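Chemist: My questions are about this predicted structure, shown below with the sequence.
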Amino acid sequence: MLTRLLKTFSTTSPTPPPLPEPDEKLALGALMVRVAKSDHTYQLEEISRIDRLLARHFGLKPIEAAKMRATCEKLEANAPGTRRFAEVIRASVSHQARIDALEAMWEVLLADGIGHDEEHAVIEEARLAMGLTEADNTAARAMAES
């Protein structure tokens, strides 16, 4: 009887749907999640900021932004490194849009009031992979701080 019960549980668990291939929107969301999680904490302030940024950048309603963030969290956890996400953005959007993406990552880093070395490292790796200069980085950070 126990064998039958265990077999029932093991065969009825649904297979999760496959994750979408990241486009520039999902790549930016995944990078923001990666920045937030890189210090091994994922705080409400960071989650809320990501939701607001997704809504603002992509014209989403709050629930749509939260759903997109949830997808981005799954992508971030299961997908390739930071460089791959940044390269998707670089190949898909203008130079100014890449600076805007970098600014969004800075906003996430600043959301909890503490910038950790791990968060800075993710932003720096993304900046380089997106083909942005140190001057672009300085401008993006200044915009995020204001």
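Modeler: Perfect, I can see it now. Numbering: from 1, shown residues only.
Chemist: buried residues in stretch 119-138?
Modeler: Residues of stretch 119-138 classed as buried by neighbour count (16 or more other CB atoms under 10 Å): 119, 122-123, 125-127, 129-130, 132, 136-137. Where C-beta positions appear, they are placed from N, C-alpha and C, glycine not excepted.
Chemist: Quick one: residues in contact with that stretch.
Modeler: Stretch 119-138 is touched from outside by 31, 34-36, 38-39, 82-83, 85-87, 89-90, 95, 98-99, 101-102, 105-106, 109, 140, with contacts defined as CB atoms under 8 Å, 6 or more residues apart in numbering.
Chemist: Quick check: His116 touching Ala36?
Modeler: No. Between His116 and Ala36 there is no contact under CB atoms under 8 Å: 10.5 Å.
Chemist: More neighbours: which of the two?
Modeler: A direct count of neighbours by other CB atoms under 10 Å for His116 and Ala36 places Ala36 higher, at 25 against 15.
Chemist: So that one is in contact with Ser48, correct?
Modeler: No. In this structure, Ala36 is not within contact of Ser48 by CB under 8 Å, at 10.5 Å.
Chemist: so what sits against both of those two?
Modeler: Ala111.
Chemist: Does the nearest residue to Thr82 once chain neighbours are set aside belong to a helix, a strand or coil?
Modeler: Distances taken as CB to CB, 6 or more residues apart in numbering put Glu125 closest to Thr82, at 4.7 Å, once the chain neighbours are dropped. Following DSSP: H, G, I helix; E, B strand; the rest coil, Glu125 is assigned to helix.
Chemist: now do Gly115
Modeler: coil.
Chemist: which residues touch the residue nearest to it when sequence neighbours are not counted?
Modeler: Closest residue to Gly115 apart from its sequence neighbours, by CB to CB, 6+ apart: Leu109 at 5.3 Å. Going by CB under 8 Å, 6+ apart, Leu109 touches 35, 115, 119-120, 123, 144.
Chemist: picking up where we left off before, name the nearest of the buried residues of stretch 119-138 relative to Gly59.
Modeler: The shortest approach to Gly59 among those belongs to Met130, at 22.1 Å (CB to CB).
Chemist: circling back to that earlier point, could you identify the buried members of the contacts of stretch 119-138?
Modeler: Applying 16+ other CB under 10 Å to those flags 31, 34-36, 38-39, 82, 85-87, 89-90, 98-99, 101-102, 105-106, 109, 140 as buried.
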